[in-house]
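Visitor: Sharing a sequence plus its predicted fold:
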Amino acid sequence: MRRYNIENAYDKLKELTRGQSGINRASLQTFIATLDIPDSEKQRLLQLRPDTYTGKATELAKRI
């Protein structure tokens, strides 16, 4: 969200996660759909999965 200069990004995530019974696929998909970001980025986010996402691990490992 920082990439697209969304204001109060932390607060938006906090609102999603605090006081809820848990985060699940449906709640994340709904949240992503509401973001004011390009559709291509929404699709990229929707395709992320815990078993395939490595974040910056590859980049950081190459620095060693």
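Guide: Noted; the coordinates are in hand.
Visitor: which residues of the chain fall in helices?
Guide: Under the criterion DSSP state H, helices of the chain are mapped to 9-17, 25-34, 39-46, 57-62.
Visitor: could you dump the ones you listed to CSV with mean neighbour count and distance to residue 3?
Guide: In this view, the C-beta of every residue, glycine as well, is placed from N, C-alpha and C. Shown next, in CSV, are the helices of the chain (neighbours: other CB atoms under 10 Å; distance: least, CB to CB, whole Å):
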stretch, mean neighbour count, distance to residue 3
helix 9-17, 12, 10
helix 25-34, 12, 14
helix 39-46, 12, 8
helix 57-62, 9, 16
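Visitor: Would you reformat those as a markdown table and include distance to residue 2 and mean pLDDT?
Guide: Putting these into a markdown table (distance: least, CB to CB, whole Å; pLDDT from 0 to 100) gives the following:
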| stretch | distance to residue 2 | mean pLDDT |
| --- | --- | --- |
| helix 9-17 | 6 | 88 |
| helix 25-34 | 15 | 92 |
| helix 39-46 | 12 | 94 |
| helix 57-62 | 18 | 89 |
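Visitor: Nearest the middle, which residue of the chain would you pick?
Guide: In the chain, the residue lying closest to the centroid (CA atoms, centre = their mean) is residue 45, at 6.1 Å.
Visitor: For residue 33, give its distance to residue 46.
Guide: Distance of residue 33 to residue 46, computed by CB to CB, to the nearest Å: 9 Å.
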